[in-house]
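Student: turn this into a structure:
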Amino acid sequence: MQKWEYLIVVRKRGLVDDFSAMDWICYIWERGNETGREMKGINFINLLGELGDQGWELTVGLPRSDQWSEQFAGFTSSEIQIFKRPKE
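Tutor: Got it, this is the predicted structure:
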């Protein structure tokens, strides 16, 4: 039976270093890395290409809203992507 390993990428809206604008910050979790690895200022399209080159396949993408008021209704504040690849 095929066994899989999983990778979780969370993209969260956050302020850039000088607090002048919003940008996406990525956090990547793999087995053995429970704290996640933070990646600021990356090009997400390039990251997807790199993950694909490493054999990762996107299985699900979930938009989330961490805001709890009517003025933020429909505002995506984070996204969760779950990737898998066959275990070797």
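
Student: any weak-confidence spans in the protein?
Tutor: Along the chain, segments meeting pLDDT under 70 span 14-23, 32-36, 40-41, 66-74.

Student: hey, where'd the helices end up in it?
Tutor: For the chain, the helices defined by DSSP state H occupy 44-53.

Student: against Arg31, how distant is Leu62?
Tutor: 20 Å (CB to CB, to the nearest Å). From N, CA and C alone the C-beta is placed, and that goes for glycine too.

Student: which of these two has more residues huddled nearby?
Tutor: Remark: of Leu62 and Arg31, Leu62 carries more neighbours, 11 against 8, as counted by other CB atoms under 10 Å.

Student: contact partners for the more buried one?
Tutor: Residues in contact with Leu62 (CB atoms under 8 Å, 6 or more residues apart in numbering) are Glu79, Ile80, Gln81.

Student: okay, these in CSV with neighbour count and distance to Tyr6 next?
Tutor: Output for the contacts of Leu62, formatted as CSV (neighbours: other CB atoms under 10 Å; distance: CB to CB, whole Å):
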residue, neighbour count, distance to Tyr6
Glu79, 17, 16
Ile80, 15, 12
Gln81, 21, 11
